[in-house]
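K.L.:
pasting the structure only:
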């Protein structure tokens, strides 16, 4: 997101403390190894789009959610959802486990993305219960949809 529109944040709701939290972070946009004012000079004049699918899950759901929130085109299929951050822990027996934690990722406006983010243009067709993902690889078709999105 930092490269696409300069927004570098994570917004969540802490379900234990019942508070909304926004974490803003610095991003080395020019990849020179320093956080400085030169990073603010980096801009790309592209019509960005995010390709997502049901495999865009958990933190992978955050990029489509923030892209949608920022007005960036979403193509593909609805993301897989999942909005709770994951933490590493161990059981009483010392077994490694991963758990969803109390931080529930959400949009700045409070939008809940637990059940996925709908796309602007679906690239999936269904015929008699069979799903066709061929347009996920159809660059001319995706380019047409991106142009359509930004011309509206």
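P.N.:
Sure, I can see it. Quick caveat, the model's predicted, so the values are computed rather than measured.
K.L.:
okay, CA-based contacts and neighbour counts for the rest of this
P.N.:
Fine.
K.L.:
quick one: classify the residue most central in space within the chain as helix, strand or coil.
P.N.:
Nearest to the mean C-alpha position of the chain, by CA atoms, centre = their mean, lies residue 63 at 1.3 Å. Following DSSP: H, G, I helix; E, B strand; the rest coil, we place residue 63 in the helix state.
K.L.:
residues contacting it?
P.N.:
residue 1 (CA atoms under 8 Å, 6 or more residues apart in numbering).
K.L.:
and what of the one 10 residues further on?
P.N.:
Listed by CA under 8 Å, 6+ apart, the contact set of residue 73 reads 48, 49, 50, 67, 119, 120, 146, 149, 150.
K.L.:
kindly recompute the last result at 10 Å.
P.N.:
Counting by CA atoms under 10 Å, 6 or more residues apart in numbering, residue 73 makes contact with 47-51, 64, 67, 119-121, 145-150.
K.L.:
which of the residues in the top strand by length along the chain are buried?
P.N.:
The residue-count maximum for a strand in the chain (DSSP state E) belongs to strand 96-105. Residues 102, 103, 104, 105 are the ones in strand 96-105 that count as buried (16 or more other CA atoms under 10 Å).
K.L.:
same thing with stretch 104-117?
P.N.:
104, 105, 106, 107, 108, 112, 113, 114, 116, 117.
K.L.:
element containing residue 22, please.
P.N.:
strand 19-24 (DSSP states H and E).
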